[in-house]
Structures are given as C-alpha cells and as structure tokens.
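Asker: Starting from these lines, generate the structure:
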Amino acid sequence: MPPREIRQVGDRGAADWYTALPPITRGLLTCYLVTGLAAFMGVMPLQYVYHSWQLCFKRVPEVWRLVTNFTFLGKPSLGWLFQLVWLVQYGGAYEQAKFASNTADGITAVAVGMATGMSLDLLSYLCRAFLPPVSLFGFIKLNGRHLPFAFLALDLLMGQDIWSDVMGILMGHMYWFLTDVYPVASGRHVIQTPRWLSRLCLQHGIGRVPIQAVNPINPSDVRFRAFQGRGRRLGD
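Answerer: All right, here's what the predicted structure looks like:
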C-alpha cells in the first residue's frame, strides 16, 4: 500500500481537515479525544490507566501503565481543550518541519521521549525542540525552539505545576541530543529508526517513508526478509 498523501481541506470541511493532519499528530489527537470523552462518560476505568511505580513493581507487575499513562490527557475541560489546540497547531508544525519525509523517525522520537520521561520519573521516585517560527496566541512572535520555555513561563505565571513542562523539555531535547549533537561529536549513532518500523509505515501507508530507509540495497524491494535465505532440497 503506497504512503498516504496529505490532502488539502476541501468540501468535506472537518473530515478533510482531520485527514490533512500529519499522521502522528492525528493519532495523538484521536487518542486523547477518545480517552478524554470515555473518562468523561465513565466508560473507561482510570484506575487501570494512571502511572504508579508501586503497581509496576508489585508481585504481578502492571507493566501496561508504562504506556497507558501517555494515552490520557485528562477529562474534557478548558485546559484540556487548550492542550489539544496546541498539539494540533504547534505539534503538527513540528512534525511537518522535522519528520515530514520520514514518519518512522517521528514515531521513534515519540518512543525515545516516552522512555526519557519514564526514566526521569523513576529517578525522582527512587531518591517541545526545533520548530519553524511560530506565533503564540497570534500576538507574540518567537522562534519555535523557544516555544516550550514560553509555555513553562505561562504556567509559572499562572501558579501551575511546571514539572510536566520541565519533563517535556528534557524529553524533547534528549532525542535532539542523541540524533543531532552526539553523532557529530563522537561519530557514533546510538538512536536509529528500526528498519521494520519504516517498512511497517510504508506497507500501511502511514505518512511518508523513504524507500531507502526500508531497503537501501534495492529500493524497489520492500518485502519482509526475516526468514529468507538460501534454500536446500532435502534428499530422498
């Protein structure tokens, strides 16, 4: 199945707008809408979603909490709505600027961010990156790399908890450091997008994936090769 092409908003209005969103942004928006509305209607048991190291470390570990806590943004509220708007406006712009040519790299960046966030949270339990120029609320012009710090300052001024903003900044900069800074300084790559992930995105038409990322030797061949090899006929 060929990669899905991003279409412009047309006569269908909201449907075309939703389809035109970058794939990762569209997936996160859908996830947060579904979980938020499900929690609001009382059909999703939140006690099985939230993150708790005590529950993860008990005799029968509930390891799914390491992932499910990233799928829930909260119940519908004004703050919840603002976060969804920021996800679409700024997250979508970041995805188009950074990962428009390779959605698999974007998925890897999200996975690295999740792992970094869990590592930071575990550390505390035991003892937003490069964007094009953006306009904050349509009034303040600033460079995209400064946007996470602007949100942190807003939360600080409003007296809200800024730990989530700090963690978000660290999570985003960890991927940037391991993929852009460390390889240049050391000549080694510690973060590489798995080829099977690139192949999976290509086969299911998720965003755009360069063919060379799937099979650099023969770009026209995208078949799965895990169990292929030189065959031998068994004797009688």
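Asker: and the helix ranked longest in the chain, which residues are buried?
Answerer: If you go by DSSP state H, the chain has its longest helix at helix 103-126. Under the neighbour-count criterion of 16 or more other CB atoms under 10 Å, helix 103-126 has 103-110, 112-113, 116-118, 120-121 buried. Just so you know, the C-beta spots here come from the backbone N, C-alpha and C atoms, and that holds for glycine as well.
Asker: with the residues you listed in mind, which one is nearest to L66?
Answerer: Taking CB to CB as the measure, L66 sits nearest to M118 out of the buried residues of helix 103-126, at 6.0 Å.
Asker: Quick check: the gap between the closest one and D165.
Answerer: 17 Å (CB to CB, to the nearest Å).
Asker: Y32 contacts P76, correct?
Answerer: No - contact criterion CB atoms under 8 Å: Y32 and P76 do not qualify, at 10.1 Å.
Asker: Among the two, which residue is more densely surrounded?
Answerer: A direct count of neighbours by other CB atoms under 10 Å for Y32 and P76 places Y32 higher, at 19 against 15.
Asker: Disregarding flanking residues, what is the spatial nearest neighbour of the more buried one?
Answerer: L73 (4.3 Å; CB to CB, 6 or more residues apart in numbering).
Asker: now that neighbour: how far from Q54?
Answerer: 23 Å.
Asker: what about the two, which has more around it?
Answerer: Neighbour count, other CB under 10 Å: between L73 and Q54, L73 has more, with 19 against 8.
Asker: give me phi/psi at that one?
Answerer: When read as degrees, to the nearest 10, the backbone of L73 gives phi -100, psi -10.
Asker: what packs against the longest helix of the chain?
Answerer: Counting contacts by 3 or more CB pairs under 8 Å, 6 or more residues apart in numbering; DSSP states H and E, helix 103-126 packs against helix 23-40, helix 53-56, helix 92-99, helix 163-176, helix 195-203.
Asker: looking at those, which has the lowest confidence?
Answerer: Between the helices and strands packed on helix 103-126, the one with the least mean pLDDT is helix 163-176; it has a mean of 75.
Asker: in that one, what counts as buried?
Answerer: 165, 167-176.
Asker: Tabulate those residues in JSON lines, adding columns for distance to W86.
Answerer: Formatted as JSON lines, these follow (distance: CB to CB, whole Å):
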{"residue": "D165", "distance to W86": "12"}
{"residue": "M167", "distance to W86": "16"}
{"residue": "G168", "distance to W86": "11"}
{"residue": "I169", "distance to W86": "14"}
{"residue": "L170", "distance to W86": "18"}
{"residue": "M171", "distance to W86": "16"}
{"residue": "G172", "distance to W86": "14"}
{"residue": "H173", "distance to W86": "18"}
{"residue": "M174", "distance to W86": "21"}
{"residue": "Y175", "distance to W86": "19"}
{"residue": "W176", "distance to W86": "19"}
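Asker: Nearest to T193 among these?
Answerer: Set against T193, the nearest of the buried residues of helix 163-176 by CB to CB is Y175 (11.3 Å).
Asker: on that earlier part again, what about the helices and strands packed on helix 103-126, which gets the closest to L81?
Answerer: helix 23-40 (9.6 Å).
Asker: What residues of that closest one count as buried?
Answerer: In helix 23-40, counting by 16+ other CB under 10 Å, buried: 23-26, 28-29, 32, 35-36, 38-39.
Asker: ok, the residues you listed vs A150, which is closest?
Answerer: Nearest member of these to A150, counting by CB to CB, is T25, at 19.5 Å.
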